[in-house]
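S.K.: only the shape, not the letters, is given here:
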């Protein structure tokens, strides 16, 4: 059974930092990609960042470039999202998703349940 589990969300003040993690297991992709997506209340889900295991290529939404960093521990099938200089508009439920390569959120194959990140002003 494929499992995708997020952890590390919480409450942080604007300007602060937070690191969230995603651990994947039970999948059979030779190469895989793990992406972070977020959904704020009343808004559509959007892509935040993604990393490919085959070449380490990373992708970022324009809104988080220069503030967020995605990294991976391939030995543990775990991906981290380091979020710095957080803004209130970063408040959302952050979801982790797994597929064979980085895709738009509608095309990702396996999803975690999400972790809430709240940034207070």
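M.R.: Arrived safely, thanks for sending. Bear in mind the structure is a predicted one, so any value in this text is a computation, not a measurement.
S.K.: contacts, neighbours, all on C-alpha from now
M.R.: Fine.
S.K.: the nearest residue to residue 36 once chain neighbours are set aside: neighbour count?
M.R.: Distance criterion C-alpha to C-alpha, 6 or more residues apart in numbering; nearest residue to residue 36, sequence neighbours excluded, is residue 96 at 4.7 Å. Using other C-alpha atoms under 10 Å, residue 96 is surrounded by 31 other residues.
S.K.: who does the strand or helix carrying residue 96 touch, helix- and strand-wise?
M.R.: Using DSSP states H and E, residue 96 sits in strand 92-99. Under the contact definition 3 or more C-alpha pairs under 8 Å, 6 or more residues apart in numbering; DSSP states H and E, strand 92-99 sits against strand 3-7, strand 33-39, strand 110-111, strand 115-120.
S.K.: apply 10 Å and report the result again.
M.R.: The contact analysis (3 or more C-alpha pairs under 10 Å, 6 or more residues apart in numbering; DSSP states H and E) places strand 92-99 against strand 3-7, strand 18-25, strand 33-39, strand 46-52, strand 110-111, strand 115-120.
S.K.: mean confidence score for the fifth one?
M.R.: What it means is strand 110-111. Taken as a whole, strand 110-111 carries a mean pLDDT of 96.
S.K.: contacting residues around residue 82?
M.R.: Residues in contact with residue 82, defined by C-alpha atoms under 10 Å, 6 or more residues apart in numbering, are 17-21, 67-71.
S.K.: skipping adjacent residues, who's closest to it in space?
M.R.: Using C-alpha to C-alpha, 6+ apart, the closest residue to residue 82 is residue 19 (4.4 Å).
S.K.: can you check residue 23 too?
M.R.: residue 78 (4.4 Å).
S.K.: list the contacts of the residue nearest the centre of the chain.
M.R.: Nearest to the mean C-alpha position of the chain, by C-alpha atoms, centre = their mean, lies residue 36 at 2.2 Å. For residue 36, the contact set (C-alpha under 10 Å, 6+ apart) comprises 6, 20-22, 46-51, 60, 70, 79-81, 94-98, 105, 111, 114.
S.K.: swap in residue 12?
M.R.: 18, 86-88, 91, 117-121.
S.K.: and the stretch of helix or strand it belongs to, how far out from the chain middle?
M.R.: Element membership for residue 12, per DSSP H and E: strand 10-13. Distance of strand 10-13 from the chain centroid (C-alpha atoms, centre = their mean, to the nearest Å) equals 17 Å.
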